[in-house]
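A.B. asks: 3D, please:
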Amino acid sequence: MALQTIPSPQPAASAARLLRRVGFFALAVAPLLSMATRRGFVIAVPFGAILLILAALIETENKEPWQSFGRMLLSVCGIAGLFVLLWAGLSLVWTPFKSEAMARLANLVGLVVLVMATVASLPLHSRANNLHLLTIGLAAALVLANGLLLWTMNDPDSVIDPMTTERLPLFASVLVFPCIGWLLSRRRTSGAVMLLAVTSSFMILQEAYAAVFSLTLGLVFYCLTLWRATWGRWLAGIMTIGLLTLAPVLPFLLRPVTKWAFGATDLNVDALRAWGRLVQREPLRLITGHGFDVTTRAKAAGLIEPMAPRGLLFELWYDLGLLGVVGVVMVLIMIIRASSKATPVLAPGILATLITAFSLTVLGQVALQGWWITLIGLVVIMWFAIEQGQYRTTRPRSISTTFR
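C.D. replies: Purely as a prediction, here's the structure:
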């Protein structure tokens, strides 16, 4: 009687699975590395992304990753993002800081292309074990950070380098929602609650009040979208798109209220006054902007008043003007629309992530820096991978799934 043998998995598929596991592991340890060195995060995320791309290129079942990349690039969101990058490149013609802006724009374009290629290279069905790594990595970083902070509180003689936990609140406030969405999609409610509790306790111990506010605002939108998805999307659109569109008139609307509430000598009143002067002095610049990545260096060079506000609303209008704002608004519209097409259990988390990241940029907690763009890229990769890791239909077992 002849014995039936189970065919061995193809070497290319096995190598692709190994590379994909290592790639997700690199993405998972990125928050931990951010506590050890400032460069650890911006090195680990691109390294993991490149491994995911290589896994797709050598895998026999995914022969056409670049066609997915082309479809993403030619989508409405891709065209809007491409328009923003092209306009930023064109604005280098009239920016006073060309060399610095060119280097920053090159890094931005490289990160955007890398993230899009990584998303296009994700498998059609993400493995749960790989996605669990992302949650474990964030949880481990937060538990370690909580332990370090409690240790310093109990031992007054111990001192921790502020770099260790400086950026982690911003990382955690944005990364926690994809992890919560994944845990809830796997019906692990207790794990999601524990992760949220660890995140909140760390932010409070760190006294990162801006991150606490942004996280709280994201949770409000999460609950609202969970209750009424349409209301959540409309309110998210009004908040993000409305603030971006009306930003040039905000200094004239908010300054009287701020002056009445905090007094004429308050720093916020001075910031709004400086913003209003810039709008009145150069109204035509509201269309073209002053050039990509100008705001910070213009303050240092004395081209604009040092008390001018920080944050996305002022910097986007000052740098790229109306045309840049239109491109960003189109990207936001497509993200909000995409949340309506996502799995219902994930839609609230997508909007909560958007609102949290948007509020952090509006509050001026982050700028267009490499680590922040890398963080946003990691969040995008996580959400696409989580969406493709959801249960859909019952499929017959095959050779490829037998050895997973």
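
A.B. asks: quick check: closest non-adjacent residue to Arg167.
C.D. replies: Ser34 (5.8 Å; CB to CB, 6 or more residues apart in numbering). Every C-beta, even on glycine, is put in place using the N, C-alpha and C of the backbone.

A.B. asks: against Trp383, how distant is that neighbour?
C.D. replies: Separation of Ser34 from Trp383 (CB to CB, to the nearest Å) stands at 20 Å.

A.B. asks: between these two, who's got more neighbours?
C.D. replies: Ser34 (26 against 23; other CB atoms under 10 Å).

A.B. asks: next SSE downstream of the helix or strand encompassing the more buried one?
C.D. replies: Using DSSP states H and E, Ser34 sits within helix 11-36. Proceeding N to C from helix 11-36, the next assigned helix or strand is helix 38-58, under DSSP H and E.

A.B. asks: packing partners for that next one?
C.D. replies: Where contact means 3 or more CB pairs under 8 Å, 6 or more residues apart in numbering; DSSP states H and E, helix 38-58 is packed against helix 11-36, helix 65-73, helix 98-121, helix 370-387.

A.B. asks: rewinding a little: so who does the residue nearest to Arg167 touch?
C.D. replies: Under the criterion of CB atoms under 8 Å, 6 or more residues apart in numbering, the neighbours of Ser34 are Gly40, Phe41, Ala141, Arg167, Leu168, Phe171, Trp371.

A.B. asks: again, only this time at 10 Å
C.D. replies: By CB atoms under 10 Å, 6 or more residues apart in numbering, Ser34 lies in contact with 40-42, 44-45, 141, 163-168, 170-171, 371, 375.

A.B. asks: ok, now Val193?
C.D. replies: Per CB under 10 Å, 6+ apart, neighbours of Val193: Ile180, Leu183, Leu184.

A.B. asks: swap in Glu100?
C.D. replies: Phe292, Asp293, Val294, Thr296, Arg297 are the contacts of Glu100 under CB under 10 Å, 6+ apart.

A.B. asks: who wins on neighbours among these?
C.D. replies: Result: Phe292 is most packed of the contacts of Glu100 (other CB under 10 Å), 27 neighbours.

A.B. asks: give the helix, strand or coil label for that residue.
C.D. replies: With DSSP: H, G, I helix; E, B strand; the rest coil as the basis, Phe292 sits in coil.

A.B. asks: before we move on, what about Leu303?
C.D. replies: Taking three-state DSSP, the label given to Leu303 is coil.

A.B. asks: correct me, but it touches Thr95?
C.D. replies: No: counting by CB atoms under 10 Å, Leu303 does not reach Thr95; the two are 11.2 Å apart.

A.B. asks: what's the overlap in contacts for the two?
C.D. replies: His290, Val294, Arg297.

A.B. asks: list the buried residues for stretch 226-240?
C.D. replies: Using 16 or more other CB atoms under 10 Å as the test for burial, stretch 226-240 gives Leu226, Ala229, Gly232, Arg233, Leu235, Ala236, Gly237, Met239, Thr240.

A.B. asks: could you check how far the fifth one is from Leu253?
C.D. replies: In this case it means Leu235. When distance is defined by CB to CB, Leu235 is 20 Å away from Leu253.

A.B. asks: just the first one next, same as before
C.D. replies: Between Leu226 and Leu253 the distance, using CB to CB, works out to 32 Å.

A.B. asks: over to the third one?
C.D. replies: Note on Gly232: its distance to Leu253, by CB to CB, is 26 Å.

A.B. asks: list the residues that contact Met72.
C.D. replies: So Met72 contacts Gly78, Gly81, Val115, Met116, Ala117, Val119, Ala120 (CB under 10 Å, 6+ apart).

A.B. asks: which other residues reach stretch 239-248?
C.D. replies: By CB under 10 Å, 6+ apart, stretch 239-248 touches 217, 221, 235, 250, 253, 275-276, 278-279, 283, 286, 311-318, 321-322, 325-326, 328-330, 332-333, 335-336, 351, 354-355, 357-359, 362.
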